[in-house]
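Trainee: fold the following for me, if possible:
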Amino acid sequence: MPNNSSRWANLVLSFSILFGAIIRFAPTIISGAPINDGGMFYVMIRDLELNHFFIPAFTTYNFQNIPFAYPPFSFYIGGLLNSIGIPIIDLIRWLPPIVSTLSILAFYILACLILNSKSKGTLATTAYALLPRTFSWYVMGGGLSRTFGILFLLLACASTWALFTKNEKKYIFPAILFGAGAVLSHPETGLHTAAACVLIWLFKGRNIRSVWNALLVGVGVFVLISPWWGTVLAQHGFEPFFSALHTGGNDTLFWIPWVTFDFGEERFVTLFTVLGLLGIVVQSFRRDWFLVTWLLVSFIVEPRSATAIAAIPLAMLAGIGLSDFVLPNIENIASKTFDEKRDWTFYMAGGHAIRLVLDYVLLSALIGGFFYDISLARYVVPAKSRDAMNWIQTNTPPDSRFIVLTGSGDPFSDPILEWFPTFASRTSQNTIQGKEWLLGSGFMPFLNQIEILQSCLNDAPSCVENWATTNNISFDYIYIEKSTDRSIPGLLLYELQQDPEYNQIYTNADVVIFERK
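Mentor: Presented below is the predicted three-dimensional model:
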């Protein structure tokens, strides 16, 4: 590639990384607090430290004897950084966007390998850096584990691709190291990493030497992660792992997002989704099915987190759609002199229409990303809610059990529900986090029951009591959240104030707490 063209490619890559970093840090900067989840991880980091960095049998989160079976890599990183003086709450806030930004560089390495072109890899990286689905789950507090997982997934796939295409032994150890890192970071990402690496072998391996190399990688990963799974098995047996297998949300409609292509979460113009569809068209004509197959396999392997993983091949397909379909046709229309043997960077240097198209793509995606950030920044525990939780910690018995009503229909997008056990140091009977290691096949039914409970805000106290009886749950207090636009306290608040069986013991502008007599 000519030096001038290389300069243009590097410039586009630099802007993509810069803009990608900005939109990853913006939600935390805007909110001033951890985004959405992370309360359980906060406690698990503390538990690990208090146990002198040996994996404890249980986490103290929510005081329900939840097995400490979660892959612990991110907790060790958090604990080590906390031990040198960085508060855990700051780690929950800042580590996810930091590592998510590093993932942009890891994606660039992988994209250049798979697309066999630095210029196409650059455009794919632009899509990855700015596509909301590539950062939405990873900049949250709970992204502490997810973002390490996706970083290692990208690096493991890059190492595996190089191993099976270049057949050099030097890639075996990185593949083992990064593969183990993915498994030790996040349970679902570990599954997706294994599936992606098997897929790479199916497309690029399938010879005696690659079979041997694949076995070496598999055994190496198994050995490296053995201290974790060995400890969990010694303490709990296989039960926590069997239980976690029931939490993926598998159903017969897992393929719908793959067909509708509505998982990019883009605001306004769905640029990268459309470009990804064009990339599928281009790859179909070329009979190159790897990226399209990876999209589908993500939904088959583990539907719950499939959209986040599918965003990786989608971004590469968007890079292909932009590089091999849109830009050549734009330049053809503008100048009638396009030479297909040259790539887009050559025409960038000439100041043709391609520069305007890329400017529009970057600007439009950046604006969409900012609007997405604004909505994401709403998912925090407000100050008044934190005050109420601090009051609970000081003024209620340590064994108190709470029903927490916020009005949110999604327990996984309810920061108050997850952070309540952390900030209040009391049991929330309707917090779902951690139950994946306990309930097994009962996880999904209980998840549905938690969603049903929130409708009791517009019903009588008997609604809450009947729910508790149905689910064999006891409670001492009802916490009602009024601080978010998702919460609309109605009949229940009025009825509780009139009910002689309940006593209002705390109120502020956002929260009301009732004690059950």
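Trainee: and the average pLDDT for the helix or strand hosting Gly149 is what?
Mentor: Per DSSP states H and E, Gly149 falls inside helix 143-166. What helix 143-166 shows for mean pLDDT is 96.
Trainee: just stretch 409-420 next, same as before
Mentor: Stretch 409-420 comes out at a mean pLDDT of 92.
Trainee: what comes into contact with it?
Mentor: Residues outside stretch 409-420 that contact it (CB atoms under 8 Å, 6 or more residues apart in numbering) are 34-40, 141-142, 379-381, 385, 389, 402, 404, 406, 408, 426, 428, 430-433, 447, 450-451, 454, 479, 481, 484, 486. To be clear about C-beta, it is placed using only N, CA and C from the backbone, and glycine gets the same treatment.
Trainee: could you rerun that using 6 Å?
Mentor: Residues outside stretch 409-420 that contact it (CB atoms under 6 Å, 6 or more residues apart in numbering): 36-37, 39, 379-381, 385, 404, 406, 408, 428, 431-433, 450-451, 481.
Trainee: give me the number of residues near Thr321?
Mentor: Slight slip there: residue 321 is Gly, not Thr. 27 (other CB atoms under 10 Å).
Trainee: list the residues that contact it.
Mentor: 275, 278-279 are the contacts of Gly321 under CB under 6 Å, 6+ apart.
Trainee: return the closest of those with respect to Ile367.
Mentor: Closest approach to Ile367 among these (CB to CB): Leu275, at 16.7 Å.
Trainee: thought the closest one was touching Ile320?
Mentor: No - using CB atoms under 6 Å, Leu275 is not in contact with Ile320; the gap is 8.3 Å.
Trainee: surely Arg93 and Pro34 touch.
Mentor: Yes - the pair Arg93 / Pro34 is scored as a contact, 5.0 Å apart, by CB under 6 Å.
Trainee: and the two? Which one has more around it.
Mentor: Pro34 (31 against 24).
Trainee: and that one, what does it touch?
Mentor: Taking CB under 6 Å, 6+ apart as the test, what Pro34 contacts is 92-93, 141.
Trainee: A strand includes it, no?
Mentor: No - using DSSP: H, G, I helix; E, B strand; the rest coil, the assignment for Pro34 is coil, not a strand.
Trainee: top of the contacts of Gly321 by neighbour count?
Mentor: Neighbour counts for the contacts of Gly321 peak at Gly279, which has 29 neighbours (criterion: other CB under 10 Å).
Trainee: helix or strand next in line after the least confident helix or strand in the chain by mean pLDDT, which one?
Mentor: Lowest mean confidence among the helices and strands of the chain (mean pLDDT, DSSP states H and E): helix 344-349, at a mean of 57. Counting by DSSP H and E, the element after helix 344-349 in chain order, helix or strand, is helix 353-376.
Trainee: residues near the closest residue to Pro96 other than its chain neighbours, how many?
Mentor: Leaving out its chain neighbours, the residue that sits closest to Pro96 by CB to CB, 6 or more residues apart in numbering is Gly143, at 3.6 Å. Residues near Gly143, counting by other CB under 10 Å, number 30.
Trainee: now Tyr128
Mentor: Neighbours of Tyr128 using other CB under 10 Å come to 30.
Trainee: is it true that it touches Tyr138?
Mentor: No - using CB under 6 Å as the test, Tyr128 is too far from Tyr138 to be in contact (11.7 Å).
Trainee: any weak-confidence spans in this protein?
Mentor: Applying pLDDT under 70 to the chain flags the ranges 1-5, 248-265, 267-269, 331-353, 483-489.
Trainee: 50 instead, please
Mentor: 1-2, 485, 487 (pLDDT under 50).
Trainee: so what's the residue nearest the centre of the chain up against?
Mentor: The centroid of the chain falls nearest to Trp137 when counting by CA atoms, centre = their mean (3.0 Å). Residues near Trp137 by CB under 6 Å, 6+ apart: 146, 308.
Trainee: just how off-centre is the host helix or strand of Ile92 within its chain?
Mentor: For Ile92, the host element (DSSP H and E) is helix 88-115. Offset of helix 88-115 from its chain centre (CA atoms, centre = their mean, to the nearest Å): 12 Å.
Trainee: that helix vs helix 143-166, what angle?
Mentor: 20 degrees (axes from the mean of the first three to the mean of the last three CA atoms, to 10 degrees).
Trainee: end to end on stretch 422-435, go ahead and measure it.
Mentor: End-to-end span of stretch 422-435 (CA to CA, to the nearest Å): 15 Å.
Trainee: chain center to it: distance?
Mentor: 21 Å.
Trainee: what does stretch 151-158 give?
Mentor: Centre-to-centre, stretch 151-158 and its host chain are 15 Å apart (CA atoms, centre = their mean).
Trainee: number the residues from 403 up from this point.
Mentor: With the count now opening at 403, the last piece we talked about shows up as stretch 553-560.
Trainee: contacts for it next, please.
Mentor: Under CB under 6 Å, 6+ apart, the answer for stretch 553-560 is 501, 505, 508-509, 511-512, 515, 580-581, 583-584, 587, 591, 595, 598.
Trainee: quick check: which element contains the residue nearest to the centre of the chain?
Mentor: Going by DSSP H and E, Trp539 is not in any helix or strand.
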